[in-house]
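1. the sequence and its predicted three-dimensional model are supplied below.
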Amino acid sequence: MTEQSTYTISEGARKSRNANFDKMIREFFPFIGLVVIFIVFATLTEGRIMKPAAAKLILSQVYVPMIAASGVFLIMTAGGLDFSQGSILGIVSIVISWLSFQSIPLAIIAGILSGAAIGAFNGLFHVRFKIPSFIVTICSMFLFRGFCAYFTTNAPIAASQSITKLNIDSLKNIIMVSVLAILFFVFQYTGLGIQLKAIGAGEKAARFSGIRTDRVKFLIFVLAGAITGFAAFLNVIKVGSITATAGNQLETQILISLVLGGLPISGGSKVRFSNIIIGTLIYSILNNGLVMLRYDTAIQQLIKGAIFLAVVALTIDRKAIKVIK
Amino acid sequence: MADSSDNIILVTENICKSFGITKAVRNVSLSIQKGEIHGLIGENGSGKSTFSSMLCGIYPIDSGRFILDGTEYKARNQIEANRKGVSIIVQETGTVSGLTVAENIFLGNEDRFVKFGVKNTGLMNREAQNLLNDFGFDRILANVVIDHYNFEDRKLIEMVKSTYFKPKIVVVDETTTALSQEGRLELYELMDRIRADGRTVIFISHDLTEVIAHTDRISVLRDGELIDTVITKTVTEDDLRRLMVGRELGNRYYRTDYDGNQSDDVVLKIRNLGVPDHFSNINFDLHKGEILGFGGLSECGMHELGKALFAGSYHRTGTVTLASGKEINSIPDAIANSIAYASKDRDNESLVSNTSIRDNICLPSRQDLKKNGLLFKRNLDDFAWKNAERISVKMTGIDQSISELSGGNKQKVVLARWLGKGSNIMVLDSPTRGIDVKVKADIYNLMNELRNEGKSIIMISEEILELIGMCDRIIVMKNGSLNGEFFRNQDLNEEDLIAKMV
């Protein structure tokens, strides 16, 4: 018996080194992608993308999607999808703009709550009525986009100047880093991550392992809504006045970013927190690089679509795709 | 001994074969005589099929060599192996659908019947029919498409195909499992005829009784290595089992005690339990230190009952109550109150398949593993290693995905997670389903140990013998109700239980 187990350990240790090597390659692949795409655009733009002004521009475009993506990251880890983030950002930006004339803390809290409310709406329909999450969230995307259009029919909604004064890079940096740090901590050290990964990899077995799957799924939709509600605050700071198209296509940007960052589209155990950061950076370098190269918008879309499709085709786990919820 | 070398048909020298990191066959050296039926046995994955596949040219060998009749032998494919005098009757169907019986028999050797570029089908059919008649299978017609014959007849046709050309060695690879008694007798007869001819049969089978009845010598493989070659007359089935597994199994396979010491302490009280469409109004008590078996036909409701005890069923009615008076109404409740559940559906319910061994072992215990409210990876790693090693899960490491493990090892991971959780009440649904004899014995031993520690086990099983062998008490279910109760007793037999099942 002891002989058997020593054999298992030593042999196991050797094999796991092999397996670790494979795993390392897989885990570093998105990072390598980031470096490659940076070098490609640095070369194509003859170094313009590395200039401080360009770097600042890229960074300024990263705050909102990075924060919003971190909420969707939780949903996708559990094997779901969320297409409603753009609409949430739009509608919550309107709420924040209105309230910014009263009090900024009130505006922030109301933003988080209204985001959470829409998230709860998604979660309720998904969990309670057992509708796949991508269908529910596509519906709420149209629904809340409709509200956005209704409120901005006559004119864009302007925010108070006291809020636009907060458009300070260092502040936004601190906010973004804090949100990511808090979320990382919660994901990694409270058991949320291990539960979400288990739900993504096999919901039934997760339930039989003692995870309250319905409750957890509902909560992450609420959480994702709340996080995007908070991101809307940064959006208002930046743009100052909200039009009907506020946050338009944020959902696809998030989806593409996360997948570029190495997040398996069906979620599960191979998810890494770094997917959020690397993915969002890859997307904005790609986006700004194409703009700097003065490609036509239509061509930009085409290139992005092609890259997205290629990455999904290369990385998708075809056995797991059936379980998208 | 001098002339014995003339008597040897096949020598294998240090044959090795790996698939990736798995060493399927390691340094196998043996010699097989002319005119013998040589048994080759071992558990699933012990390397016997890989070994015979190399001999028959299905897999190339990594290192070592075969010496056939005094000269080195290599075959790149089955047809070349046939020409050199080695043929195989395989585990699955070895015949090709859509072709006639004759075409199947002469597959790869059609050239014999081709003259001036034209195949003489009539001649081929006549020759095939003669062969079939020689073998005593007159009822099989050579010119009929093979699909008209059932699985068993196709096996007989395959026997003709593999042996009509009088190969020096015929490998029979677990063919008997597919055959009825009649078909088996035909096969045994064929094997005897080959032996009488001074040629050789290598007989691979899981059925130790037939191996002992029909072989001259037996070689035992374990983990890809040759453990021993024994003379059949001198061994018993238990000896063979011991060689296969590598340690004493014998009577310890099931429990041997019948003293019937039974605690009266009730640990779980089940009252009026029901799940729509499965069962209703179920009442029973589970005692401390008891293995309580549930038997019945697979649709009798017992599998859902196991789930319901763990509060995993939807729309459950009635109560499951602990000795403390606490009612179990949700899965987290059940786990927190020391109830464990291993589902019959191992891949979908017991384990999260696409996730690591670590996560699977740690999930139910994740609250216990927190230090100051926080979960650290190091603690998860330690916990997973400790419990996986406790019951020797064969793995490359705790990072390995469950989906890469064999059925037996998956079940070990299931048990590891609940051992780690320290559950006192274990509901095990079909714990040995699809698991080979060695892991089965491990699981039985573990159940016995847990029972002796005072834990209670509910074993739901469709295998009547394991229920009789392991349980202190057996409840038989029929159509969603309890239909009989039996206490541990040496005289209890299968018929008693079956009578209550149907």
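-> Received the coordinates, thanks.

2. would you mind listing the buried residues in stretch B:467-487?
-> By neighbour count on 16 or more other CB atoms under 10 Å in any protein chain shown, the buried set for stretch B:467-487 is B:467-478, B:480, B:482-484, B:486. Bear in mind the C-beta positions are built from the backbone N, C-alpha and C, glycine included.

3. inside strands: which ones of the residues you listed?
-> Those of these mapping onto strands are B:473-478, B:482-484, B:486, per DSSP state E.

4. can you tell me which two in those residues are farthest apart?
-> B:473 and B:478 (17.0 Å; CB to CB).

5. and chain B, what are its domains?
-> Split into domains by automatic domain parsing, chain B comes to B:2-85+B:167-249, B:265-338+B:425-502, B:351-422.

6. what is the mean pLDDT for the shortest one?
-> When you say that, I think you mean domain B:351-422. Summarised as a single mean, pLDDT over domain B:351-422 is 91.

7. got the end-to-end distance for it?
-> End-to-end distance of domain B:351-422 (CA to CA, to the nearest Å): 18 Å.

8. just checking it against chain A, any contact.
-> Yes - between domain B:351-422 and chain A, judged by CB under 8 Å from any CB of the partner chain, the touching residues are B:351-356, B:359-360, B:362-364, B:366-367, B:370, B:373-377, B:380, B:389, B:392-397, B:399-401, B:417.

9. now pLDDT and distance to residue A:153 too, for the ones in strands among the buried residues of stretch B:467-487, in JSON lines please.
-> Formatted as JSON lines, those follow (pLDDT from 0 to 100; distance: CB to CB, whole Å):
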{"residue": "B:473", "pLDDT": "94", "distance to residue A:153": "75"}
{"residue": "B:474", "pLDDT": "95", "distance to residue A:153": "74"}
{"residue": "B:475", "pLDDT": "96", "distance to residue A:153": "70"}
{"residue": "B:476", "pLDDT": "95", "distance to residue A:153": "72"}
{"residue": "B:477", "pLDDT": "94", "distance to residue A:153": "66"}
{"residue": "B:478", "pLDDT": "91", "distance to residue A:153": "69"}
{"residue": "B:482", "pLDDT": "94", "distance to residue A:153": "69"}
{"residue": "B:483", "pLDDT": "92", "distance to residue A:153": "71"}
{"residue": "B:484", "pLDDT": "92", "distance to residue A:153": "75"}
{"residue": "B:486", "pLDDT": "93", "distance to residue A:153": "78"}
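
10. from those, which is closest to residue A:90?
-> Of all those, residue B:477 has the smallest distance to residue A:90: 58.0 Å, by CB to CB.

11. low-confidence stretches in the chain?
-> You didn't pick a chain, so chain A it is. A:1-26, A:315-325 (pLDDT under 70).

12. you looked at the wrong chain, it should be chain B
-> For chain B, applying pLDDT under 70 flags the ranges B:1-5, B:20-22, B:44-45, B:91-93, B:177-178, B:246-252, B:260-261.

13. look up phi and psi at the residue positioned nearest the centre of it.
-> By CA atoms, centre = their mean, the mean C-alpha position of chain B lies nearest to residue B:436, the distance being 4.1 Å. Main-chain dihedrals, residue B:436, degrees, to the nearest 10: phi -80, psi 170.

14. that one touches residue B:206, doesn't it?
-> No - using CB atoms under 8 Å, residue B:436 makes no contact with residue B:206, being 9.3 Å away.

15. who does whichever strand or helix holds residue B:171 pair up with?
-> Applying DSSP states H and E as the criterion places residue B:171 in strand B:169-173. Strand pairing for strand B:169-173, using DSSP bridges, gives strand B:86-89 (parallel), strand B:200-204 (parallel).

16. any idea which helix or strand comes after the longest one?
-> To tie it back to what came earlier, the one meant is strand B:200-204. Assigned by DSSP H and E, the successor of strand B:200-204 is helix B:208-214.

17. that following helix packs against which elements?
-> Here helix B:208-214 touches strand B:37-41, helix B:181-196, helix B:237-245, going by 3 or more CB pairs under 8 Å, 6 or more residues apart in numbering or on different chains; DSSP states H and E.

18. pick the most buried one from these.
-> Greatest average neighbour count among the helices and strands packed on helix B:208-214 goes to strand B:37-41 (a mean of 25), per mean count of other CB atoms under 10 Å in any protein chain shown.

19. ranges for the helices of the stretch 151-300 of chain A?
-> Ranges of helices in the stretch 151-300 of chain A, per DSSP state H, counting those that start in this stretch, are A:161-164, A:169-189, A:192-201, A:203-208, A:213-239, A:250-260, A:274-292, A:297-315.

20. flag every buried residue along the fifth one.
-> Buried positions in helix A:213-239, judged by neighbour count with 16+ other CB under 10 Å: A:213-214, A:216-237, A:239.

21. number of residues surrounding the residue of the stretch 251-400 of chain B found nearest chain A?
-> Nearest to chain A, among the residues of the stretch 251-400 of chain B, is residue B:397, at 3.0 Å (CB to the nearest CB). Neighbourhood size, residue B:397 [other CB atoms under 10 Å in any protein chain shown]: 24.

22. next: the one 3 residues further on.
-> Neighbouring residues of residue B:400 were enumerated by other CB under 10 Å; the total is 22.

23. ok, it touching residue B:356?
-> Yes - using CB under 8 Å, residue B:400 is in contact with residue B:356, at 6.6 Å.

24. tell me which stretches of the stretch 201-350 of chain B form helices.
-> Counting by DSSP H, counting those that start in this stretch, the helices of the stretch 201-350 of chain B are B:208-214, B:237-245, B:302-309, B:331-336.

25. ok so, going back, right, and the domains of chain B - which one's nearest residue A:84?
-> Checking the domains of chain B against residue A:84 by CB to CB gives domain B:351-422 as the closest, at 26.9 Å.

26. still on that earlier bit, quick one: the strand holding residue B:171 to helix B:181-196, angle?
-> Angle of strand B:169-173 versus helix B:181-196, following axes from the mean of the first three to the mean of the last three CA atoms, to 10 degrees, is 160 degrees.

27. just how off-centre is strand B:169-173 within its chain?
-> Chain-centre distance of strand B:169-173: 21 Å, with CA atoms, centre = their mean, to the nearest Å.

28. again, but for stretch B:191-199
-> That offset, for stretch B:191-199, works out to 30 Å (CA atoms, centre = their mean).

29. can you name the residues in contact with that stretch?
-> B:9, B:34-37, B:163, B:166-170, B:172, B:200-201, B:203, B:214, B:216 (CB atoms under 8 Å, 6 or more residues apart in numbering or on different chains).

30. 10 Å - rerun?
-> With contact meaning CB atoms under 10 Å, 6 or more residues apart in numbering or on different chains, stretch B:191-199 is reached by B:7, B:9, B:34-37, B:85, B:135, B:159, B:163, B:166-170, B:172, B:200-201, B:203, B:214-216.

31. buried subset of those residues?
-> Counted by 16+ other CB under 10 Å, the contacts of stretch B:191-199 give B:9, B:34, B:36-37, B:85, B:135, B:159, B:163, B:167-170, B:172, B:200-201, B:203, B:214-216 as buried.

32. chain center to stretch B:145-158, what's the gap?
-> Computed by CA atoms, centre = their mean, the separation of stretch B:145-158 from the middle of its chain amounts to 26 Å.

33. tell me which residues touch the residue lying closest to residue B:303 once chain neighbours are set aside, please.
-> Nearest non-adjacent residue to residue B:303, counting by CB to CB, 6 or more residues apart in numbering or on different chains: residue B:344, 5.3 Å away. Neighbouring residues of residue B:344 by CB under 10 Å, 6+ apart: B:298, B:302-304, B:306-307, B:350, B:428-431, B:433, B:460-462.

34. what of residue B:382?
-> For residue B:382, the contact set (CB under 10 Å, 6+ apart) comprises B:369, B:376, B:398.

35. format the helices and strands packed on helix B:208-214 as CSV; extra columns: distance to residue B:332.
-> Below are those laid out as CSV (distance: least, CB to CB, whole Å):
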stretch, distance to residue B:332
strand B:37-41, 46
helix B:181-196, 52
helix B:237-245, 39
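
36. what about residue A:61, distance to chain B?
-> 34 Å (CB to the nearest CB, to the nearest Å).

37. sorry, slip of the keys, the one I care about is residue A:44.
-> From residue A:44 across to chain B, the span is 39 Å (CB to the nearest CB).
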